[in-house]
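[1] just need the structure, nothing else, for what follows:
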Amino acid sequence: MASTGGHGTHRQAGGRRGPGPAVYRRRRLMVTILALLVIAVLVAGGMALAGMLGRDADGGAVGSSTSPASAGPATGDPAPTPSPAPTSTASRATPSATASPSATPSATASSTATARPSSDTCDSAAVTVAAETDKQSYGPAENPVLSLVVRNGGSAPCTVNVGTSQMEFVLTSADERVFSSTDCQQASQDLERTIEPGGEERATFEWSRDRSVPGCTLVDEVPGAGSYTLTTRLGARSSTPVEFELQ
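    Next up, the predicted model:
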């Protein structure tokens, strides 16, 4: 019985023997293959990354080279002027900017528009004052009706002070001052009126054929028959003198 047990023990020890040389060769082959695969993957990844970086660099180079080309034609077109790129390109490309046909007319139009009043702004120089009489000759019993006319010859409405504080009717005979509507004026007032283009405002005054002096001192002398001249004033504006006759 004892020898039998010892023999069984010897068989178990023989069953635990390590792997043979063929197994080790297969394992080393597998390890080598795996290492080669890992190296291949790393090489492929490195090549792919290098390719991507190369494409980005090429894209940047293409963008920088095409930007001036696209900005060059825009220099001749006034529309993209606010763009910084065309502006810098135009400063470098002097012949292109000089050859542009729209550069000089544009500047000329701008300076001309600046010199002229805006169509929405009143041109005070276009507001004129005229003197008129209702007749050329008056009989002994007729009082002349004198008119001060303010006209707007501009292209925009003008607001003008046409009150008695601004107006004056002056009558002269030869070099003699005969009458002024402001000599005996008791009170004056401002009156602003908006005159449309081509429109006018009119103030009339009936002269009772008397004389006046500044301060409204009484004058007994009455104007006689002869030729008289009417000049009307509105502020700093004066009319062209108009002549009429008293019989």
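[2] in space, what's closest to Asp183 - neighbours in sequence excluded?
    Leaving aside its chain neighbours, Asp183 sits nearest to Ser212 (3.9 Å; criterion: CB to CB, 6 or more residues apart in numbering). In short, each C-beta sits where N, CA and C put it, glycine included.
[3] could you check the pLDDT of that neighbour?
    For Ser212, the model assigns a pLDDT of 96.
[4] my guess is it contacts Gln185. True?
    No. Contact criterion CB atoms under 8 Å: Ser212 and Gln185 do not qualify, at 9.9 Å.
[5] more crowded one of these two?
    More neighbours surround Ser212 than the other of Ser212 and Gln185, with 19 against 14 (other CB atoms under 10 Å).
[6] how about that one, secondary structure?
    Assigned with DSSP: H, G, I helix; E, B strand; the rest coil, Ser212 falls in the coil class.
[7] quick one, what contacts it?
    Neighbouring residues of Ser212 by CB atoms under 8 Å, 6 or more residues apart in numbering: Val178, Phe179, Ser180, Asp183, Cys184, Val219.
[8] most surrounded residue in these?
    Going by other CB under 10 Å, Phe179 tops the contacts of Ser212 with 23 neighbours.
[9] what helix or strand is it on?
    Element membership of Phe179, judged by DSSP states H and E, is strand 176-180.
[10] export that strand as CSV, just CAs?
    The C-alpha coordinates for strand 176-180 follow below in CSV (Å, rounded to 0.1, in the frame of the first residue of the first chain):
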residue,chain,number,x,y,z
GLU,A,176,-34.1,165.8,-48.9
ARG,A,177,-35.5,163.4,-46.4
VAL,A,178,-39.3,164.0,-46.3
PHE,A,179,-40.8,161.2,-44.2
SER,A,180,-40.0,158.0,-42.2
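[11] which one is Ser124 nearest to, not counting chain neighbours?
    Spatial nearest neighbour of Ser124, excluding adjacent residues (CB to CB, 6+ apart): Cys158 at 6.9 Å.
[12] if I look at the one you found, how far off is Gly235?
    Relative to Gly235, Cys158 is positioned 13 Å away (CB to CB, to the nearest Å).
[13] so these two - more neighbours on which side?
    Counted by other CB under 10 Å, Cys158 and Gly235 do not tie: Cys158 has more neighbours, with 21 against 14.
[14] residues contacting the more buried one?
    So Cys158 contacts Cys122, Asp123, Ser124, Ala126, Val127, Asn152, Thr194, Ile195 (CB under 8 Å, 6+ apart).
[15] ok, 10 Å please
    Taking CB atoms under 10 Å, 6 or more residues apart in numbering as the criterion, Cys158 is in contact with 121-124, 126-127, 150-152, 193-197, 199.
[16] could you give me the ChimeraX selection string for whichever of those are buried?
    Burial among those is assessed by 16 or more other CB atoms under 10 Å; the matching ChimeraX selection reads:
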select :122,123,127,150,151,152,195
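[17] just the strands in the chain please.
    Under the criterion DSSP state E, the chain contains strands at 127-133, 137-138, 145-152, 158-161, 167-173, 176-180, 192-195, 200-206, 226-234, 237-238, 242-246.
[18] in JSON lines: these, plus distance to Gly51.
    Formatted as JSON lines, the strands of the chain follow (distance: least, CB to CB, whole Å):
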{"stretch": "strand 127-133", "distance to Gly51": "80"}
{"stretch": "strand 137-138", "distance to Gly51": "108"}
{"stretch": "strand 145-152", "distance to Gly51": "79"}
{"stretch": "strand 158-161", "distance to Gly51": "76"}
{"stretch": "strand 167-173", "distance to Gly51": "92"}
{"stretch": "strand 176-180", "distance to Gly51": "101"}
{"stretch": "strand 192-195", "distance to Gly51": "78"}
{"stretch": "strand 200-206", "distance to Gly51": "85"}
{"stretch": "strand 226-234", "distance to Gly51": "87"}
{"stretch": "strand 237-238", "distance to Gly51": "85"}
{"stretch": "strand 242-246", "distance to Gly51": "97"}
